[in-house]
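Q: Sequence and computational prediction follow.
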Amino acid sequence: MKSLIAFGSMFLVFVLAMPVNADGNGELKKYFSNTASEVKAADNAVEKREILNESFQNMSQTLDKVLSSGLISDNDRIGIEQFKTILQEKQNELEGSNGYDRVPDAQLNAFANYVVQDMEQADTTITISVVVLLLIIILIVLLV
């Protein structure tokens, strides 16, 4: 039993030390891809807009919880704040606030695709640790 605990501890140390890119790859990309699929399957613009808005709010709340946890490094905090800024810009564009034109109802499917592509092809790579990424994923699952 002690060897299992020791092995598990060593494994966690190595996993915790590995950085991971959160530029739309992996689970975060999958989260927004699922949102885009839901938007395309929705019958009307009100539902589509609600799905997108809820997705942005859930991710923003998750990031806020991670930031307030105190369990993250300064580098992770910077990466998460950059990611939050990108999300807020997308939400502003969806709503037509803070100087953005509101996304027309007829273009909501295209906007959902744009969000996924923007996460994939972001000019800046946001780097966060595996632990923080896992924490974000767990919180998303719990919120949804």
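A: Yep, that arrived. Numbering: from 1, shown residues only.

Q: Can you show me the strands along the chain?
A: Ranges of strands within the chain are 19-21, 127-129, based on DSSP state E.

Q: for the first one, what is the average pLDDT?
A: Looking at strand 19-21 alone, the average pLDDT works out to 42.

Q: And for stretch 103-116?
A: Stretch 103-116 shows a mean pLDDT of 94.

Q: Next, the contact list for Leu94, please.
A: Going by C-beta atoms under 8 Å, 6 or more residues apart in numbering, Leu94 touches Arg49, Leu52, Asn53, Phe56, Arg102, Val103, Phe111. Bear in mind the C-beta positions are built from the backbone N, C-alpha and C, glycine included.

Q: Closest one to Thr85 out of the residues you listed, please.
A: Relative to Thr85, the closest of those is Phe56; by C-beta to C-beta it sits at 12.4 Å.

Q: Skipping its backbone neighbours, what lies nearest that closest one in space?
A: Leaving aside its sequence neighbours, Phe56 sits nearest to Gln91 (C-beta to C-beta, 6 or more residues apart in numbering; 4.3 Å).

Q: Thank you kindly, that will do.
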